[in-house]
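**Q** just to be clear, the model below is a prediction. Sequence and coordinates:
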Amino acid sequence: MSSLSNRFIGVEEYLSEERRVETKREYLDGVGRALASASGRHNLIVANLIIALGARLADRPCHVCPSDLKIGTPDLRRFFYPDVSVI
């Protein structure tokens, strides 16, 4: 099990650990938590949302990203892997 489980860690340790493990983990105010696997239904909803957003935003200077994109808050106290992001 990763050293991120259920104990306070700093941002630097979280980011370092993230580079070494295969499991995606969110970081919430000093605690790293592994993300659960998504169901087939969940993935279908996400895929349809990405398609719909991509079509709607095709003529705009932005793009749609799936859940592999890590998003951090400006204060670096939280990092997430949203199902869909528009950048």
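**A** Ah, there it is. Everything numeric here is computed off the predicted structure, so don't read it as measured data. Residues are numbered from 1 along each chain as shown.
**Q** mind listing what's buried in the helix or strand in which residue 48 is found?
**A** Secondary structure assigned from DSSP states H and E places residue 48 in helix 40-56. Buried residues in helix 40-56, counted by 16 or more other Cβ atoms under 10 Å: 46, 50, 53. C-betas here are computed from N, CA, C, even on glycine.
**Q** quick check: closest non-adjacent residue to the second one.
**A** With sequence-adjacent residues excluded and distances taken as Cβ to Cβ, 6 or more residues apart in numbering, residue 50 is closest to residue 64, at 5.3 Å.
**Q** what sits closest to residue 46 if chain neighbours are left out?
**A** Per Cβ to Cβ, 6+ apart, closest to residue 46 is residue 83, 4.7 Å.
**Q** strands along the chain, start to end?
**A** 25-28, 31-34, 64-66, 71-72, 78-80, 84-86 (DSSP state E).
**Q** any chance of the buried residues of helix 40-56 in CSV, plus pLDDT and distance to residue 59?
**A** Listed next are those as CSV, based on pLDDT from 0 to 100; distance: Cβ to Cβ, whole Å:
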residue, pLDDT, distance to residue 59
46, 96, 23
50, 96, 17
53, 97, 13
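**Q** the residues you listed into JSON lines, with extra columns for distance to residue 13?
**A** Below are the buried residues of helix 40-56 laid out as JSON lines (distance: Cβ to Cβ, whole Å):
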{"residue": "46", "distance to residue 13": "30"}
{"residue": "50", "distance to residue 13": "32"}
{"residue": "53", "distance to residue 13": "34"}
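**Q** between these, which is nearest residue 79?
**A** Closest approach between the buried residues of helix 40-56 and residue 79, by Cβ to Cβ: residue 46, at 19.2 Å.
**Q** I'd say that closest one and residue 84 touch.
**A** Yes. At 6.1 Å, residue 46 and residue 84 qualify as touching, with contact defined as Cβ atoms under 8 Å.
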